[in-house]
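1. What follows is a predicted structure for the sequence shown.
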Amino acid sequence: MLGVLGGMGPLATVDFMDKVISATPASRDQDHVPMVAASVPQVPDRTAAIEGDGPSPLPAMLDGIRRLERGGAESVAIACNTAHYWYDEMQAETELPIFHIADMAIQTLDEGVAHVGILATAGTISAGIYADRLTAAGMAAVVPDDADQNALVMGGINAVKAGDVAAGGDLLAKAADALRAKGAERIILGCTEVPPGLAAADEMRDDCVDATDALARACVDWAMVDKADALKTA
């Protein structure tokens, strides 16, 4: 049973679960990955907390993990990139393995890629959630300048959260073009609102790495191995 810690935001949670379904090799309902979700949109804003402008979301996220544990989850996927700032604290409080979305995304990058753009919240950027892992893997992170981060990236993400997906996608597409102009060979879509926005703008290009999709596929792989092990012991 896959546990989904969601609600950050609700659309991103549904998008992640849809990608799990799409990535599953299933010919009938019973072939799909069993999931239990804790989707609580009232979790405090993650970026505000990282920047010191709001309360920590950690207690609410830990409460969500407890709900998943009670619901029978055997692993946890977090449908929010910025929430991974508290990854170590969350993992320390549960015996369930928690997938790290940045690790899953970076593992999909082609060998030889040297410069990787990041489209993510200001909190994810400032916390180095992707940049630190890219550096460890021998790659350089390419991030938007402050003006583009505020106007295009955060403007686009907030528009998607508010339901104006088309307008948000247009802003995010401009931010992606700016990263390409700075030398990005691949662009990690490091916020769960970014893929729906770019898809609405028809801007999901081949150089885009959908971190949500990478996480979903890793979860499906985990579930398939678990199923295979169950069959061996049946």
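-> Everything's here; your move.
2. CA atoms for contacts and neighbours, from now on please.
-> Fine.
3. For stretch 99-117, give the mean pLDDT please.
-> Stretch 99-117 shows a mean pLDDT of 95.
4. An error on my part: the question was meant for stretch 39-57.
-> If you average the pLDDT over stretch 39-57, you get 95.
5. swap in stretch 190-201?
-> Rounded mean pLDDT across stretch 190-201 is 92.
6. end to end, how far does that stretch reach?
-> 17 Å (CA to CA, to the nearest Å).
7. can you check stretch 108-118 too?
-> End-to-end for stretch 108-118, by CA to CA: 14 Å.
8. in that stretch, what counts as buried?
-> Residues Leu109, Ala114, His115, Val116, Gly117, Ile118 are the ones in stretch 108-118 that count as buried (16 or more other CA atoms under 10 Å).
9. after the strand or helix carrying the fourth one comes which helix or strand?
-> Assessed by DSSP states H and E, Val116 sits inside strand 115-119. Helices and strands here follow DSSP H and E; after strand 115-119, the next one along the chain is helix 122-127.
10. residues in contact with the helix or strand following that following helix?
-> Tracing the chain C-terminally past helix 122-127 and defining elements by DSSP H and E, one meets helix 131-136 next. Residues outside helix 131-136 that contact it (CA atoms under 8 Å, 6 or more residues apart in numbering): Ala102, Asp103, Ile106, Ile125, Ala140, Ala141.
11. Excluding chain neighbours, what is closest to the third one?
-> So that's Ile106. Once flanking residues are discounted, Ile106 sits nearest to Leu134: 7.1 Å by CA to CA, 6 or more residues apart in numbering.
12. Likewise for Phe16?
-> Thr212 (6.0 Å).
13. ok, now Ala211?
-> Spatial nearest neighbour of Ala211, chain neighbours left out: Ala105 (4.9 Å); criterion: CA to CA, 6+ apart.
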